[in-house]
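>>> Any chance you could fold what I've pasted below:
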Amino acid sequence: MESRRNKENGAVILAMLTCFFGGYLFGCLLLNLYWKYTERAAAAVFYISVYDKTVPKGFAKTIFWQILRRDFRVLSVVFVIGFLPGAGILIGMLLGTAGVLLGVLTSGILLTEGIYWWLQGLLWMLPCFICSGSVLLTEMLYAWQEKFHLHRGSVPVWR
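As a prediction, this is how the structure comes out:
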């Protein structure tokens, strides 16, 4: 019984990773194709969207609170999705979209700044993925398996 549950969890985790990395590769491909056919326009759009006034000039505390707010928003979306029927499809779409956005961002950094800043960006994102990613992935796993349920009759009725 336990080995069967482990195999099912492994298949679900593999499907979730496939959605994320498929989206990541698709995002990389999209930006690389866009970059190839519109070089100067792509550089200008990427600089404006990523670098121009989007990174706060504050301290690490400000960045920490922004990341924490973002994670709370994503967690609340995952929690609400977990109650909907067909939550696995919605979680797969959410993972694919996150992969596309991360692929576009990291490819853009690689194409504009080079390999050094690309590695620096990945190393900067690693603690974020380790800290909040484990919680997000656990909640996504429960939502994918549709383990969120509203229990009727658990609240006592006072007459």
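>>> list the buried ones in the one helix or strand residue 28 maps to?
Secondary structure here is read from DSSP states H and E; on that basis residue 28 sits in helix 2-37. Of the residues in helix 2-37, those with enough neighbours to count as buried (16 or more other CB atoms under 10 Å) are 12, 16, 19-20, 22-24, 27-28, 31-32, 34-35. Every residue, glycine included, has its C-beta placed from N, CA and C.
>>> can you check stretch 83-95 too?
Of the residues in stretch 83-95, 87, 88, 90, 91, 92, 94, 95 count as buried by neighbour count, 16+ other CB under 10 Å.
>>> Filter these down to the ones in helices?
Of the buried residues of stretch 83-95, the ones assigned to helices by DSSP state H are 87, 88, 90, 91, 92, 94, 95.
>>> ok, back up a step: ok, of the buried residues of stretch 83-95, which one's closest to residue 106?
Within these, proximity to residue 106 (CB to CB) peaks at residue 95, which comes in at 16.1 Å.
>>> Pull up the gap between the most centrally placed residue in the chain and residue 14, please.
What sits nearest the mean C-alpha location of the chain, by CA atoms, centre = their mean, is residue 98, with 3.9 Å. Residue 98 sits 17 Å away from residue 14, going by CB to CB, to the nearest Å.
>>> Please list all residues in contact with residue 106.
28, 118, 121, 122 (CB atoms under 8 Å, 6 or more residues apart in numbering).
>>> which of the residues you listed has the most neighbours?
Using other CB atoms under 10 Å as the neighbour test, the contacts of residue 106 are led by residue 28, with 20 neighbours.
>>> shaky segments in this protein?
Along the chain, the model assigns pLDDT under 70 to residues 1-7, 39, 41-43, 45-61, 63, 148-159.
>>> what do you get if the cut-off is 50, keeping everything else the same?
Scanning the chain for pLDDT under 50 picks out nothing.
>>> so residue 108 sits right up against residue 31, yeah?
Yes: if you go by CB atoms under 8 Å, residue 108 and residue 31 touch, sitting 5.7 Å apart.
>>> For the closest residue in space to residue 145 that isn't next to it in sequence, give me its contacts.
Spatial nearest neighbour of residue 145, chain neighbours left out: residue 12 (6.2 Å); criterion: CB to CB, 6 or more residues apart in numbering. Neighbour list for residue 12: 141, 144, 145 [criterion: CB under 8 Å, 6+ apart].
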